[in-house]
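**Student:** Just the structure for this:
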Amino acid sequence: MNVQGKTALVTGASRGIGRAIALELAQQGVKRLLLVARDATRLAEVATEIEALGAEVAILPLDLTQLIEVNIAIAQAWRDYGPIHLLINCAGVAHQAPFLKSRLPNVQQEIAINLMGMYAMTRLVARRMATQGEGTIVNVSSLMGKVAAPTMATYSATKFAILGFTQALRGELAQHNIRVIALLPSLTDTDMVRDLQWFRFVVPTTPQKVAQAMIAGLEKESSEILVGWQSHVAVWCNRVAPWLLEKVLLMAAPLSQHKPKRYRRLGQA
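**Tutor:** Reported below is the predicted structural model:
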């Protein structure tokens, strides 16, 4: 796909990978960007950067879990700014905790934003793309959508689900000339992950490199875009020796995972 002259909608555009993708699209000659995120102030800052690159921009401060508001906003955006050619589903959250200590509100938030928010946005845009007879959808999953890791059970589950959703849509929407692509970054140095305990041996990539990899994948018409050599090694190892990869992941997990909690036996003082 050549993005020049196109209109693109990017969710999660106020920071991290979403912001980097929006800026990279502007640098590559996209005509118009529709930026979606909850933080209107940050969106306005990104919009100013994009305008300086010569692209038109509109901000849509939305909470993707509020489905009625999202529905109305997308209908208005399509009417006011014309057809959307490229949808980038990048909005997401991550909570890290051992499964036995996980908090249900955090689990519900990850599922609501990472999965249901993406599903709702895709449904609204894909229906209109099908009517116009063209479009491209990029769903941002993660390396953890291929290789799950300790302390990230729910996050991994949502990212695995995104891959399954993407694969199903790829087959369904092909008849409408709509391409559906999965973008799988490895650990990326963003605001979202800086409060997490990082896995040892993993070298983080940058949001800019993820955005550049996405553009290269669009040009090559890839169905899945893995980012970084570590991602390729991990996926290859998972295919040929999954038992080995599981051992490596356990060794690389945050140190707190290697210290079993001691429980007193009944009857002991």
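**Student:** For the nearest residue to residue 132 once chain neighbours are set aside, which residues are in contact?
**Tutor:** Leaving aside its chain neighbours, residue 132 sits nearest to residue 83 (5.2 Å; criterion: Cβ to Cβ, 6 or more residues apart in numbering). Heads up, the C-betas are built off the backbone N, CA and C, glycines and all. Residues counted as contacts of residue 83 (Cβ atoms under 8 Å, 6 or more residues apart in numbering) are 7, 128, 129, 132.
**Student:** Over to residue 86?
**Tutor:** 1, 3, 6, 7, 8, 9, 25, 30, 135, 136, 137, 138.
**Student:** between the contacts of residue 83, which has the most around it?
**Tutor:** In terms of neighbours by other Cβ atoms under 10 Å, these top out with residue 129 at 24 neighbours.
**Student:** In this structure that residue contacts residue 123, no?
**Tutor:** No. In this structure residue 129 lies outside contact range of residue 123 using Cβ atoms under 8 Å: 10.9 Å.
**Student:** Quick check: the gap between residue 118 and residue 11.
**Tutor:** 8 Å (Cβ to Cβ, to the nearest Å).
**Student:** Between those two, which contacts overlap?
**Tutor:** 64, 89, 91.
**Student:** can you pull out the strands in the stretch 101-250 of the chain?
**Tutor:** 135-140, 178-184, 224-226 (DSSP state E, counting those that start in this stretch).
**Student:** how about a markdown table for those strands, with mean pLDDT and distance to residue 152 added?
**Tutor:** A markdown table is the format used below for those (pLDDT from 0 to 100; distance: least, Cβ to Cβ, whole Å):
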| stretch | mean pLDDT | distance to residue 152 |
| --- | --- | --- |
| strand 135-140 | 97 | 16 |
| strand 178-184 | 96 | 15 |
| strand 224-226 | 92 | 18 |
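**Student:** Just put those in a markdown table and tack on mean neighbour count.
**Tutor:** Formatted as a markdown table, the strands of the stretch 101-250 of the chain follow (neighbours: other Cβ atoms under 10 Å):
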| stretch | mean neighbour count |
| --- | --- |
| strand 135-140 | 24 |
| strand 178-184 | 24 |
| strand 224-226 | 20 |
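**Student:** To residue 241, which of the ones you listed lies closest?
**Tutor:** In terms of Cβ to Cβ, the element of the strands of the stretch 101-250 of the chain nearest to residue 241 is strand 224-226, at 18.2 Å.
**Student:** Lowest average confidence across helices and strands of this structure, where is it?
**Tutor:** helix 242-252 (a mean of 75; mean pLDDT, DSSP states H and E).
**Student:** elements contacting that helix?
**Tutor:** helix 229-240 (3 or more Cβ pairs under 8 Å, 6 or more residues apart in numbering; DSSP states H and E).
**Student:** same for the helix it packs on, what does it pack against?
**Tutor:** With 3+ Cβ pairs under 8 Å, 6+ apart as the test, helix 229-240 has helix 242-252 packed against it.
**Student:** Go through the helix it packs on and flag the buried ones.
**Tutor:** Within helix 242-252, the residues scored as buried using 16 or more other Cβ atoms under 10 Å are 245, 246, 248, 249.
**Student:** Farthest-apart pair in the residues you listed, please.
**Tutor:** 246 and 248 (7.3 Å).
**Student:** list residues touching both of these two?
**Tutor:** The contact sets of residue 246 and residue 248 do not overlap (Cβ under 8 Å, 6+ apart).
**Student:** Report the rounded mean pLDDT for stretch 32-42.
**Tutor:** Confidence over stretch 32-42 (mean pLDDT, whole number) is 96.
**Student:** Helices of the stretch 51-200 of the chain, residue ranges please.
**Tutor:** 67-81, 104-110, 118-132, 153-173 (DSSP state H, counting those that start in this stretch).
**Student:** show me where pLDDT drops low in this protein?
**Tutor:** For the chain, the stretches with pLDDT under 70 are 191-202, 252-269.
**Student:** What lies in contact with the stretch of helix or strand residue 46 belongs to?
**Tutor:** Secondary structure from DSSP states H and E places residue 46 in helix 40-52. Helix 40-52 is touched from outside by 13-15, 19, 22-23, 26, 33, 35, 37, 57-61, with contacts defined as Cβ under 8 Å, 6+ apart.
**Student:** Likewise for stretch 144-161?
**Tutor:** The contact list for stretch 144-161 (Cβ under 8 Å, 6+ apart) reads 92, 94-99, 102, 106-107, 110-111, 114-115, 141-142, 162-163, 182, 184, 197, 199, 231, 234-235, 238, 245, 249-250, 253-254, 257.
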